[in-house]
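*Asks:* got a sequence here, can you build the structure:
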Amino acid sequence: MGIGKKKPAGSDRAKSLEIYADKSECGGSHASCEFMSQGFFVGNRKENNMNVRIRLAHVMAFAGILVVTTATAQRPRPIVPGTGKLITAVGDDFEDPNWRYVPRNPKSTEDIDENQRGPTGKSVNGRWYEGIKRGHPDIVRRVPTPPNGLSGSEGSLLLKSMYTGIPGRGSSEPHNQDDFICNVQYRLNGRVPVESQPNVVTRVWLPKVKDWERRTGPHFGFRLALETTAIKESEGGFLMFKSKGPENEVYWPGMFVELKCKENTKQNYDYAYWRIRSDSRGRDFQGPAITSTGWWTLGMSCTTDGMVHYYISEGVDDLTQDDYVTSQFPYGYKTERLRSFFFNTMSRDDARTWSTGVIVDDPMLYFANETRIASRP
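*Replies:* Here you go, the predicted model:
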């Protein structure tokens, strides 16, 4: 199926989502990894999301964090991701049986040792590339679509890493990460203005609990690369006078799979949830609980007021307003342009342990307000 035609979503939620009830080792002395839904997974999808928002409101009010919800007055209605014109020049459905990524190892670790190790990796179809800042996942491989995926989908993409720091050297830094970036700027001949109201959607498959890396912390991320104009202080001149002026600022909001093992939390159970980045002060906060493995649908949208809107749903159905989680000005910034969207893989980087192998399918970009942008073939 071509990238220009959106594969139809299933008529109902995936039937074989695994409710966390199996017991698996949680690493080292970690014992049971049985997950607890914490009251989030009750009733239908609408009731579930309402419970999530109620619980979040209580948690954030207690922590002194302001969460912008649909009750906030005088702002544009959030755009449901998947709205508008599908931009076929970017994104991927991974249906080409010859789909291939050329890694050009060793990968870049500019964020650690300022070493880019070019040339960098990229997919043969030109739609994906290695992140210069942190490098690509160790495994980027087209695989058969797991059961209950999008109707008609035969190919998806596995992302997995062992060395998320410097190649071939373990650091035991628990949250090192790799980036797999969608090639938006080059293929669209520039960045996307927020007036286009860009929005992105992807399907994500989480393996059974026994196959997760046994580590408390983030395991996988789906994020945006956004730009704004920020007033910054700089030094210059012979006497190093300080001055303030507008500068282009890049920031990376998104959502992460977060695992909490009970040995670390001192609770009687382990649990996982979607961690949202971020509130207006740059702080991450807890989103919906992950009560099932298998397929999930994630989406983010940008509106002309500069806000980022987050949506999460179990299964592969198209997102609706019922799947709304929150709206934010991450880091206090107002979005002006979209540079790209990308995936993160995280691991403990101990030179022995593989990260949780996550499979993605049909990451797509839409413009809710179509703007004429030339694209490359």
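*Asks:* helix, strand or coil for the closest residue to Y101 other than its chain neighbours?
*Replies:* Spatial nearest neighbour of Y101, excluding adjacent residues (CB to CB, 6 or more residues apart in numbering): V140 at 4.1 Å. The C-beta positions use only the backbone N, C-alpha and C, and glycine is treated the same way. Secondary structure state of V140, per DSSP: H, G, I helix; E, B strand; the rest coil, is strand.
*Asks:* count residues in the vicinity of V140, would you?
*Replies:* Look at V140: counted by other CB atoms under 10 Å, it has 24 neighbours.
*Asks:* for it, name its beta-bridge partners.
*Replies:* Per DSSP bridges, the residues bridged to V140 are L159.
*Asks:* again with W274
*Replies:* In this entry, W274 is beta-bridged to V257, by DSSP bridges.
*Asks:* quick one on the thing from earlier: please report the distance of the residue nearest to Y101 from K85.
*Replies:* V140 sits 28 Å away from K85, going by CB to CB, to the nearest Å.
*Asks:* same deal with D178?
*Replies:* 31 Å.
*Asks:* which one's more surrounded, these two?
*Replies:* Higher neighbour count among D178 and K85: D178, with 29 against 13, using other CB under 10 Å.
*Asks:* next helix or strand past the helix or strand hosting that one?
*Replies:* Element membership for D178 (DSSP states H and E) is strand 176-182. Using DSSP H and E, the helix or strand that follows strand 176-182 in sequence is strand 192-193.
*Asks:* packing partners for that following strand?
*Replies:* strand 337-347 (3 or more CB pairs under 8 Å, 6 or more residues apart in numbering; DSSP states H and E).
*Asks:* pairing partners for the next helix or strand after the strand it packs on, with directions?
*Replies:* With elements assigned by DSSP H and E, the helix or strand that comes after strand 337-347 is strand 358-367. Using DSSP bridges, strand 358-367 pairs in its sheet with strand 85-86 (antiparallel), strand 155-160 (antiparallel), strand 198-206 (antiparallel).
*Asks:* of those, which is nearest I132?
*Replies:* Closest to I132 of the strands paired with strand 358-367 is strand 155-160 (CB to CB; 17.7 Å).
*Asks:* residue ranges in this structure under the pLDDT threshold?
*Replies:* Residues of the chain that meet the criterion pLDDT under 70 lie in 1-74, 174-175, 235-241, 243, 371-377.
*Asks:* where do the helices sit along it?
*Replies:* All helices of the chain, identified by DSSP state H, fall at 45-63, 110-113, 262-265.
*Asks:* what are the buried residues along the second one?
*Replies:* Read it as helix 110-113. Of the residues in helix 110-113, D111, I112 count as buried by neighbour count, 16 or more other CB atoms under 10 Å.
*Asks:* what's in contact with that helix?
*Replies:* Q116, I132, K133, R134, G165, I166, N176 (CB atoms under 8 Å, 6 or more residues apart in numbering).
*Asks:* let's go with 6 Å and repeat that
*Replies:* For helix 110-113, contacts defined as CB atoms under 6 Å, 6 or more residues apart in numbering pick out Q116, I132, K133, R134, G165, I166.
*Asks:* between these, which has the most around it?
*Replies:* Busiest of the contacts of helix 110-113 [other CB under 10 Å] is G165, holding 24 neighbours.
*Asks:* tell me who's in contact with Y310.
*Replies:* Counted by CB under 6 Å, 6+ apart, Y310 has contacts I276, M300, V325, T326.
*Asks:* next, count neighbours for the residue nearest to it when sequence neighbours are not counted.
*Replies:* In space, not counting the residues next to it along the chain, Y310 is nearest to V325; the distance is 4.4 Å by CB to CB, 6+ apart. Using other CB under 10 Å, the number of residues around V325 comes to 25.
*Asks:* ok, V325 - contacts?
*Replies:* By CB under 6 Å, 6+ apart, V325 lies in contact with G287, Y310, I312.
*Asks:* out of these, who's nearest Q197?
*Replies:* Using CB to CB, the contacts of V325 come closest to Q197 at Y310, 15.1 Å.
*Asks:* how close does the closest one sit to K107?
*Replies:* From Y310 over to K107 the distance is 29 Å, taken as CB to CB.
*Asks:* S278 reaches Y333, doesn't it?
*Replies:* No. The criterion here is CB atoms under 6 Å, and S278 misses it with Y333 at 10.0 Å.
*Asks:* mind listing the strands for the stretch 101-250 of the chain?
*Replies:* For the stretch 101-250 of the chain, the strands defined by DSSP state E, counting those that start in this stretch occupy 101-102, 122-123, 128-130, 139-144, 155-160, 176-182, 192-193, 198-206, 217-236, 241-251.
*Asks:* many thanks, I have nothing further to ask.
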